Each structure stands twice: as C-alpha cells, then as structure tokens.
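Participant: Can you look at this prediction? I've put the sequence above it.
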Amino acid sequence: MAEVKTNINEVQDQIIDEFGLFDDWTDKYEYIIEMGKKLSLMDEKYKTEENKIKGCQSNVWLHSELKDGKVTFEADSDAVIVKGLISMLVRVLSGHSPNEIFSTDLYFIDKIGMTQHLAQTRSNGLLSMVKQMKFYALAYQAKTN
Amino acid sequence: MLTQTENYQVETIRDDFPILHQEINGKPLVYFDNAATTQKPLQVIEAIGQYYLDINANIHRGIHTLAERATASYEATREVLRQFLNASSTDEIIFVRGVTEGINLVANGFANSILKAGNEVVITAMEHHSNIVPWQMACEKTGAILKVAPINEKGELIFEEYVKLLNPQTRIVSLVHASNALGTINPVKNIIEEAHKFDIPVLLDGAQSTSHLEIDVRDLDCDFFVFSGHKVYGPTGIGALYGKREWLEKLPPYQGGGEMIKDVTFEKTTYNELPYKFEAGTPNIADVVALKHAIKYIQELGKANIAQHELELLEYATGQLIDVKGLKIIGTAKEKVSVASFVIEGIHHQDLAVILDQQGIAVRTGHHCTQPLMKRFGILGTTRASFALYNTKEEIDLFITALHKALKMLR
C-alpha cells in the first residue's frame, strides 16, 4: 500500500516539476488552459444533476467508478480553467485504491500556487470537487470492507 | 462651462482612498467592482476610528456626556440623510443594515398587516434577489400573488405591460431604481404615477441609484426608498429606509426588543414613535455615525459632477468593449448608470475573471444575484465592470489591455 501511495505523490511531484518550468503567471495559466482544453470530454450520459457539483459561477460534473479495487474519475466543467484544475486532480487521484485517495494530502495544489482556487468555494466548486472525490473514495472503501 | 477634467480632480480624489494605491498580483489594482461595494474615503475610515476612540456609548437613554455625544452624532446622521433624500422629517428615516433588511422590513409589515389571499405584489424582471425573495415569502405567508413586469431585449421595462399589471388587487409595487446587472435606470417617476392612480404604494430599491443619481423622495413621490451605505462610499452593515409617515405608521414593528417600545408589561406592550418603532435593540452606532461622512463626501463633490464623470467612463469603456470580437453588451438601455455588463462568445465569465484578477483587475462575474434576469437573456452570467467616482480612463485602458490578453490566452 505504501508503495502505491508514493505513486500518487509521484504524480503530484511531476506536476510540481512541470510548473517549476514556468516563471510567470501567463505560462502557468496557459498550461492550465491547455490541460483544460485537452481533458477528454465526459460522456454526456454522466452529465446528470446527480453528478453535478454546483458552484456559484461554473458547473463541475464528477463521475466515478470502482473497478478491480481502483477508483477511476471522469470530470468536466463549463469553465476551461476549472477544467484544467480538475484534470490535474483526476490525473493525481484516478486509478488508485479508495484508501490511498482518501488518505492523500493534495500538497501539489499549494506548491503550484493554486490554493486560491480552493478557497473560492462559492465561485468554482473546486473545493467541493476535492471533497466529493474523497467522499466517493470513502464510500467505496466502506463498501469493500 | 468647465470641462470635466478642469473641475473634477480625480487624482486628488484618489488620494482620499488609500486602498486603491496597492498592487494585486504585482499589478496596480484596478477596482471595477463598485456596484458590489464602493471603497471608503479616509473621512469615513477615520470617523469609525474616532467614534470608538472618543465617543462610544449606548444611545438615547444614558444621562452622561458620552451617551449624549453618541446620541447627537447618531441622530445627526439621520438629519444628513433626511436632507440627502429630501424627506420631510427625520421620523421617516429608519436605520437598517442595508437594502436587503429594508425590503424585508417592508415586506414583513405588508405580510403581517396588509396582504391578503388574492392580493398582488408587482415587481420587475430585473430585480435583485433581495427584491424577489422577501416578497415571495410574504406571498407564501398570505396567499398573495407575485406579478412580474417584463423587460425588452435592451433591458428596459416594458412600460405598457407594467401598467397592465396594476389593478385593484395590487397592494404594492416594489422595483429597482437602477439595475445592478444591466445598469438600466427605470423611469420611476412615471411608474409611481401610474401606481398612485390606484393608490398603490411604490418601494424603490435604491442600492445602485443612490451613489449616481439625485434622489428626491418627495419629488419622486415614492412611498418607500431604501439604500445601502456601503454602496455610497460608507461602511458596510448600515443603510436607510425612507418611508412616508402614513405608511410607516400603518406598518407593524419588524422586530421586538429595546428602544422600539413605549411601555412594556407582561400583558401588553405599546410601541415607540417613529422612527424608533423600527429600530429594536442597540443599533450599529459607529457605522451610522460614519455614514454621514460618506454622504458629505458625495455632496461636496456634487452628484451631478460625479454622474458626469461616471458616464464619461461608461461611454469610454463601452466604446472600447463593443470593438472586442464576439463581445455583446447585456443591458443597452437608453438611461444607464455606470455599469458595463457583457458576455463574450465562447468564453466563460469565470475564466475571464481569473485571468483579469491575475492582472490586477477586479470585476464581478456571475449572475449578480439576478438569476431570473440572466434566464431572461438566456445566459448563465455576465462579466460586469462598474465605475465609481475615483475611476479613470487610464484604468479602463488597463482593463481593455488585460481583457485582450485574457482572450488571447483563453481562445
């Protein structure tokens, strides 16, 4: 378990390294926007009210599945920067066991200077998104135990 | 006539607003979120400090010098507001937390003493949630019906449709004087005249109009007028409700407690006279005291001068915005306060706000607490730049440059 846990952190560290290449905010945000545009479109059937994490300004949809003890996430948003941010969350958390996901400290958000987007709960639902991902993990864990 | 630049020294004015002289994300702050709240001049900031340093005491009953000083300073604001709104008596000026509380006070009073099942309340399609929800609650409680006067594509009230809604069942018309999301200034004098033909009282939500337009409640002949101090360069948490004496006397108290009573026994309480009947409990004394300095600040500059300055900014900004590819101004009424609300094809307003903020530009995005209005235009929200007495054309240039940069990044 400890080994896979490092995996999540490895991805986090990778992202931190990627952001380390940028020396101004423009590059940083252009990268996030690019990731947002690249995030594979979510299957429309998952864009349900149930999967919607409502923010005040943008919508975020999150779908999760448990397969062979690993949780996979799919997410989407109508705002491209939020989409870029959630694509990183999906990249970090998807494909790991419920326990790893639940116990992970998402330090990369702070390290890449994006904490402000977590604080704006009413604006973009990103914090709710993180909570929801952890909640799914906890629910799957309870189910499998 | 002096040109605007000669008689209106915006750089000197900016010196009175210390908050404006800072950098956000390494860029000079451009504050264009004035319709949400305005910044405060030093005169107001110092008055709050001064109150707590020299004056603080509870008002109206203490027989000691501080209590007298605090009471005098508190009541002096009431007189300043009476003049500011041209009310006939200070009895008609009630201190409230802001527009939201003022409307709730009136809506509650109507729900408790006037509205009956089948009666009607008229609002418009461009109301802020704070002038929708209190009336919905009043209607729910009484069985009255909420009627909504429609607007056209420009964001103007369709006057004939409004007139058609008035009938002997209508008990009140409650509408926004100037729209926060569109900037539209409603033809309130005509609206009031029509309502009065049926003896229907009219409440004006002055949240957005008070800092821009001359307000003369007697000339307008409105029955209620409410505004928020924080949108007129005053402190947060304080505002005023003006009501014609006959209406304020008719309405029951909003909250019970100290100050609003004449005599209390366990059997029966008699209520205090106006305006105290509506001011239960120890009020927000410090902010009331400081509010008069905001009003004085506006009066010294002169509302006409301020309005001219702001309209020049609005025209300047609008002229540049309409040249932006894919941009559509939402709210193109003939009469507008200095609010430029817009959408850009293929761009989410939240993305825009994030990139603008990175460049030091503060605008408001979203539905502006007017969800039904956004629905009317078939949009989720807008980006809104709103200008105040201290803004400059140079700031608009910075904003437009930042906007182009944002679009380049996002497209």
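Facilitator: Received, thanks.

Participant: per-residue confidence for residue A:5?
Facilitator: What the model reports for residue A:5 is a pLDDT of 44.

Participant: swap that for residue A:123, please
Facilitator: 55.

Participant: cool, and residue B:5?
Facilitator: With respect to pLDDT, residue B:5 scores 47.

Participant: what does the one 5 residues further on give?
Facilitator: Turning to residue B:10, the model gives it a pLDDT of 97.

Participant: contacting residues around it?
Facilitator: B:309, B:389-392 (C-beta atoms under 8 Å, 6 or more residues apart in numbering or on different chains). Every C-beta, even on glycine, is put in place using the N, C-alpha and C of the backbone.

Participant: what helix or strand is the residue nearest to the spatial centre of chain A on?
Facilitator: The centroid of chain A falls nearest to residue A:89 when counting by C-alpha atoms, centre = their mean (2.0 Å). Assigned by DSSP states H and E, residue A:89 falls within helix A:80-93.

Participant: now that helix: how far from the chain's centre is it?
Facilitator: The chain centroid and the centroid of helix A:80-93 are separated by 5 Å under C-alpha atoms, centre = their mean, to the nearest Å.

Participant: Does chain B have contacts with that helix?
Facilitator: Yes - using C-beta under 8 Å from any C-beta of the partner chain, helix A:80-93 reaches chain B at A:80-82.

Participant: If you count contacts, what does that helix end up packed against?
Facilitator: With contacts defined as 3 or more C-beta pairs under 8 Å, 6 or more residues apart in numbering or on different chains; DSSP states H and E, helix A:80-93 has these neighbours: helix A:2-20, helix A:25-38, strand A:59-67, strand A:70-77, helix A:115-119, helix A:126-144, helix B:349-358.

Participant: just for the chain, where's the confidence low?
Facilitator: With no chain named, the answer covers chain A. In the predicted model of chain A, residues A:1-6, A:54-56, A:119-125 satisfy pLDDT under 70.

Participant: I was after chain B.
Facilitator: B:1-6.

Participant: ok, which residues in it are in contact with chain A?
Facilitator: Contact residues (C-beta under 8 Å from any C-beta) of chain B with chain A: B:25, B:348-351, B:353-355, B:358, B:365-367, B:380-381, B:405, B:409-410.

Participant: Run a quick neighbour tally on residue 12.
Facilitator: This is for chain A. Here the number of neighbours of residue A:12 (other C-beta atoms under 10 Å in any protein chain shown) works out to 22.

Participant: switch to chain B, that's the one I care about
Facilitator: Neighbours of residue B:12 (other C-beta under 10 Å): 8.

Participant: Distance of residue A:37 relative to residue A:140?
Facilitator: Using C-beta to C-beta, to the nearest Å, residue A:37 is found at 30 Å from residue A:140.

Participant: now residue B:304
Facilitator: Taking C-beta to C-beta, one finds residue B:304 at 66 Å from residue A:140.

Participant: Those two - which one has more neighbours?
Facilitator: Neighbours per residue, other C-beta under 10 Å: of residue B:304 and residue A:140, the larger number sits with residue A:140, 21 against 10.

Participant: Grab the nearest non-local neighbour of that one.
Facilitator: Nearest residue to residue A:140 in three dimensions, chain neighbours excluded: residue A:98, at 4.1 Å (C-beta to C-beta, 6 or more residues apart in numbering or on different chains).

Participant: hang on, the one you found packs against residue A:71?
Facilitator: Yes - with contact defined as C-beta atoms under 8 Å, residue A:98 reaches residue A:71; the gap is 5.8 Å.

Participant: between those two, what contacts are shared?
Facilitator: Residues touching both residue A:98 and residue A:71 (C-beta under 8 Å, 6+ apart): A:136-137, A:140.
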